[in-house]
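[1] Here's my sequence, what's the structure:
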Amino acid sequence: MSGQAIFGVTGWKNAGKTTLVERLVAELVRRGWRIATIKHAHHAVDIDQPGTDSWRHRAAGASEVALVGGQRYAIMREQSEPTLAEVLARLAPADLVLIEGFKGDPHPKIEARADHVRPMDMAAHNIVAIASDERPPSDALPWFPRDDIAAIADFIVRYIDGRRNDR
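    Residues are numbered from 1 along each chain as shown. Coordinates of the predicted model:
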């Protein structure tokens with residue numbers, strides 16, 4: 001898919017995926033890693049506001065608009081939903097890209113699991129670990145309490161290092 005390290009967080013709605021990603025980013029950045037994230041949304045997304053200059057450029061028909069200012073920029077492209085590989089190709093190099101969503105793609109993932117919710121299909125979604133408040137009944141995969149961010153980060157680092165060494 002890409003030459004850079006990628007690891008995903010998946011799970012059903014309201015399982016704590018965003019909180020887990022947010023806390024993993026903070027932990028890994030604290031350790032000196034350069035982290036990028038990709039968030040997949042299942043609904044229409046627009047970072048622009050009607051009436052702004054950049055919105056007016058898009059409304060006039062521009063297929064791509066770069067909004068640049070101060071400490072950040074955003075590029076908005078009018079097209080059908082891109083693949084994960086297309087989005088990864090546009091990112092600047094990072095030590096690790098954490099992906100929230102894109103559960104059907106083949107990258108390794110940890111499942112954020114809310115208590116008493118049916119588990120996801122581990123094989124179909126390439127789930128390699130579970131983060132939940134209760135230990136799953138099966139010991140088929142490594143399990144971490146959702147609040148043990150340091151241990152989850154350690155697992156992800158070991159996992160991606162092991163994959164790099166297998167190449």
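
[2] what's across from Ile35 in the sheet?
    Leu96 (DSSP bridges).

[3] Centre-most residue in the chain?
    Ile99 (1.6 Å; C-alpha atoms, centre = their mean).

[4] That residue and Glu134, how far apart?
    Applying C-beta to C-beta, to the nearest Å, the value for Ile99 to Glu134 is 25 Å. Heads up, the C-betas are built off the backbone N, CA and C, glycines and all.

[5] same deal with Glu81?
    Distance from Glu81 to Glu134, by C-beta to C-beta: 35 Å.

[6] Ala15 now?
    Distance of Ala15 to Glu134, given as C-beta to C-beta: 13 Å.

[7] Just the pLDDT at the residue of the chain positioned farthest from its centre, thanks.
    Taking C-alpha atoms, centre = their mean, the residue of the chain most remote from its mean C-alpha position is Ala60, at 32.2 Å. Reported pLDDT at Ala60 in the predicted model: 91.

[8] Glu81 and Glu134: which is more packed in?
    Glu134 (12 against 9; other C-beta atoms under 10 Å).

[9] Report the buried residues of the host helix or strand of Arg163.
    Following DSSP states H and E, one finds Arg163 within helix 149-166. Residues of helix 149-166 classed as buried by neighbour count (16 or more other C-beta atoms under 10 Å): 149, 152-153, 155-157, 159-160.

[10] by contact count, what packs against the least confident helix or strand in the chain by mean pLDDT?
    Lowest by mean pLDDT, DSSP states H and E among the helices and strands of the chain is strand 72-77, with a mean of 87. On a contact count with 3 or more C-beta pairs under 8 Å, 6 or more residues apart in numbering; DSSP states H and E, strand 72-77 meets strand 64-69.

[11] Against which helices or strands is the strand it packs on packed?
    Other helices and strands packing on strand 64-69, by 3+ C-beta pairs under 8 Å, 6+ apart, are helix 53-59, strand 72-77.
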